[in-house]
Structure formats: C-alpha cells, structure tokens
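Colleague: Any chance you can model this:
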Amino acid sequence: MSGYKEAFKKAFPYTIPVLTGYLFIGIAFGIMYAEKGYSFLWAMLMSLLVYAGSGQYLAVNFFAPGVSFFQVIFMTLMVNVRHIFYGISLLEKFNSMGKKRWYMIFGLTDETYSLLCTTKVPEGVAEDKFLFAISLMDQSYWVLGSAIGALAGTLIPFHSEGIDFAMTALFVVIFVEQWMDRKNRIPEVIGVAAAFICLQIFGADSFVLPTMLFIIMILLVARTRLERKGDAICQ
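Modeller: Okay, the predicted model is just below:
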C-alpha cells in the first residue's frame, strides 16, 4: 500500500466537484430506487457493481412488467456507448497501470474521464496510484449518495416526480463546461444538431436512440478530421 495514502490525499481536492455532484444525483437515484420498493442495500449493490450513472437512472424503469432482457441490454448499451470512445483515448494510460487497469475501465464515467484527462499529477505521487485514487473516490461518492437516497426514500415519504431531472441537469452542466473550455466546438454542434433533427423526425418519445446512433456514425466518419483540429481531449 506504499504511496496510496499520499495519492488519495493529493487526489481528494480535485474530486470535490464530483463529490458535490455525485452525492446529490446519487441521492436522487436512491430515492427513485427505493420508491420501487427495493432495499437500500440493493441500491448500494447496484452502484458498486453497475456504476453507470445515467444507465442506473434508466434501469429504474426496467423494473416493470413487459420490459424484455434484450431491451435492457440494448438501451443500456446505447446510453453508455460513449464510454467506448472515452476508453480508446485512455488506452495508453491504462495499459501501464497493471491489474488496476481493469478497475479503471470499469470506473470510467463522464466526470472521472474529465478529471483523468485534465488533472496534472502532483510531484512525488505515482501517476497510476493518483489516477486510481480519483476513480475510486468518485465511485465512493456515488455509492454513498445512493445509500443516503435509498435510506431516505425508505424512511421518509417522497413524491419523486421530476427528481430524475438531476441527471439531465448534470449533463447540461458538463456540456456548458465543455462548450466554454473549447475553441473548436464542432462535436458539441454535431450533438445538438443531431438531437434536433431526430426530434423532428422521430418525436419526443423515440428520438434518443436514433440521435445516439446518428452522433456515433458522424464521429466515426469524421474522427480523424476532428482530431487534427485539436478535439482529441485526452492524449
């Protein structure tokens, strides 16, 4: 465990924004989960073993009659398929982390990805331990929030209508931060334009999946050109 204590100590200040965000959206998830009648222990277990953020919000709606196993797999894949692109840009870093790379792949979320790409490793701390500390602490915040929310949802009557907007709000904040941080905003424009086009074609109830497929197709075709323009965030 040599060096881990220092790595966690140095990494913690960088994870405070994630702590504040994950705690509250984790609480929102826990409340929604408890409303379905499940124990807070199941909410914690899901956050430990699934840890998918928006995928977990979506999964709450899977606990209903008529939802097939194929629908669960397909919807979860589509909602979280962006992580494939995150992982590709971090392959070099993860390959040098030994056995820890398996957890790093599992623990890669939007917010963790942003920290791994933009945070400079402090002097005197091993890079692999520092990055591992960031990922592990981020997940612990999510698990803690889920537990608090599920416990509160079990003990206190809640009307949870609209609470799932917490995740949407978080993604809006991430989008705004990315928009303000970049000079070349082509990927963001692609995302907004694809969503608008698919909304007009497929309607509000069915546009999410076509939008994701549309965005993925465009980014795959234009990836080389975008990287030349400086849009490869994490090298």
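
Colleague: Count the residues that sit near Pro17.
Modeller: Other residues lying near Pro17 total 14 when counted by other C-beta atoms under 10 Å. (Each C-beta comes from the backbone N, C-alpha and C, glycine too.)

Colleague: ignore the last one, Ala222
Modeller: With other C-beta under 10 Å as criterion, Ala222 counts 15.

Colleague: if I look at it, how far off is Ile190?
Modeller: According to C-beta to C-beta, to the nearest Å, Ala222 and Ile190 sit 8 Å apart.

Colleague: what does Ser47 give?
Modeller: For Ser47, the distance to Ile190 equals 31 Å [C-beta to C-beta].

Colleague: More neighbours: which of these two?
Modeller: Set Ser47 next to Ile190 and count neighbours by other C-beta under 10 Å: Ser47 wins out with 27 against 16.

Colleague: Which positions in the host helix or strand of the more buried one come out as buried?
Modeller: Applying DSSP states H and E as the criterion places Ser47 in helix 40-49. Residues 40, 43-44, 46-47 are the ones in helix 40-49 that count as buried (16 or more other C-beta atoms under 10 Å).

Colleague: Turn the residues you listed into TSV, including pLDDT and distance to Ser135.
Modeller: Converted to TSV, the buried residues of helix 40-49 look like this (pLDDT from 0 to 100; distance: C-beta to C-beta, whole Å):
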residue	pLDDT	distance to Ser135
Phe40	88	24
Ala43	90	21
Met44	92	18
Met46	92	18
Ser47	93	14
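
Colleague: tell me which of those is nearest to Asn95?
Modeller: Ser47 (27.2 Å; C-beta to C-beta).

Colleague: SS state for Gly37?
Modeller: Of the three states, Gly37 takes coil under DSSP: H, G, I helix; E, B strand; the rest coil.

Colleague: burial count for it?
Modeller: Number of residues near Gly37 (other C-beta under 10 Å) recorded here: 10.

Colleague: And the pLDDT at it?
Modeller: Gly37 is assigned a predicted lDDT (pLDDT) of 84.

Colleague: Same check on Ala126?
Modeller: With respect to pLDDT, Ala126 has a value of 93.

Colleague: returning to what we had before: show me what the helix holding Ser47 is packed against.
Modeller: Using 3 or more C-beta pairs under 8 Å, 6 or more residues apart in numbering; DSSP states H and E, the elements in contact with helix 40-49 are helix 4-35, helix 54-60, helix 127-155.

Colleague: Would you mind measuring from the residue nearest the centre of the chain to Val176?
Modeller: Closest residue to the average C-alpha location of the chain: Thr109 at 3.5 Å, with C-alpha atoms, centre = their mean. For Thr109, the distance to Val176 equals 18 Å [C-beta to C-beta].

Colleague: May I have the residues that are in contact with the residue nearest to the centre of the chain?
Modeller: Contact analysis of Thr109 by C-beta atoms under 8 Å, 6 or more residues apart in numbering lists 51, 53, 83, 138.

Colleague: let's see 6 Å
Modeller: Counting by C-beta atoms under 6 Å, 6 or more residues apart in numbering, Thr109 touches Gly53.

Colleague: Tell me how far stretch 73-82 lies from the chain's centre.
Modeller: Stretch 73-82 sits 12 Å away from the centroid of its parent chain (C-alpha atoms, centre = their mean, to the nearest Å).

Colleague: What residues sit buried inside that stretch?
Modeller: By neighbour count on 16+ other C-beta under 10 Å, the buried set for stretch 73-82 is 75-76, 78-80, 82.
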